[in-house]
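quick one: sequence and predicted model below, then my questions.
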Amino acid sequence: QVHLEESGGGLVQTGGSLRLSCLASASTFGKSNMAWFRQAPGKERDFISASAWASGATYYSDSVKGRFTISRDNAKNTLYLQMNGLQPEDTAVYYCAALRALRSGFYDSPDEYISWGQGTQVTVSS
């Protein structure tokens, strides 16, 4: 497993932007499909976006498509999530997650991921 650490969360007004980062400890990051999830109080952990290491393909949930952008810098072992047009319903703890290295595909179930960060809080005020 790889150690993941998110940063970049905070308090922002409606319509504002934030960029989250997820630093991975292992060089296997460059060969791992990665994803962002979020979890609001009292709710399940929901898939947001994923990034494929081999093809560079990306995938988004309908709730964030067109507002959020996932990217990665394999040289820095870092995954990013640029969030624009934030709304109060985006308030949640945001987690990055990693699939087993070399595993392909996009998965929206948290159970498929073997490594998780501790999460970073994003709060959007109305």
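Sure, I can see it. This structure is a prediction, so every number in the text was calculated from the model and none was measured.

where does this structure dip in pLDDT?
Within the chain, no range satisfies pLDDT under 70.

which residues of it fall in strands?
Using DSSP state E, the strands of the chain run over 4-7, 10-13, 18-24, 34-39, 45-51, 58-60, 68-73, 78-83, 92-98, 115-116, 120-125.

of all those, which one is nearest Gly105?
strand 45-51 (8.9 Å; C-beta to C-beta). C-beta: built from backbone N, CA, C; applies to glycine.

contacts for the closest one, please.
The contact list for strand 45-51 (C-beta atoms under 8 Å, 6 or more residues apart in numbering) reads 33-39, 57-61, 63-64, 68, 70-72, 79, 81, 94-95, 106-110.

pull up the pairing partners for it, direction included.
The pairing partners recorded for strand 45-51 under DSSP bridges are strand 34-39 (antiparallel), strand 58-60 (antiparallel).

next, the angle from that strand to strand 78-83.
110 degrees (axes from the mean of the first three to the mean of the last three C-alpha atoms, to 10 degrees).

what's the offset of strand 45-51 from the middle of its chain?
Chain-centre distance of strand 45-51: 6 Å, with C-alpha atoms, centre = their mean, to the nearest Å.

kindly report the same for stretch 21-34.
Distance, centroid of stretch 21-34 to centroid of chain: 12 Å (C-alpha atoms, centre = their mean).

could you do stretch 88-107 as well?
5 Å.

give the buried residues for that stretch.
Residues of stretch 88-107 classed as buried by neighbour count (16 or more other C-beta atoms under 10 Å): 90-99, 101, 106-107.
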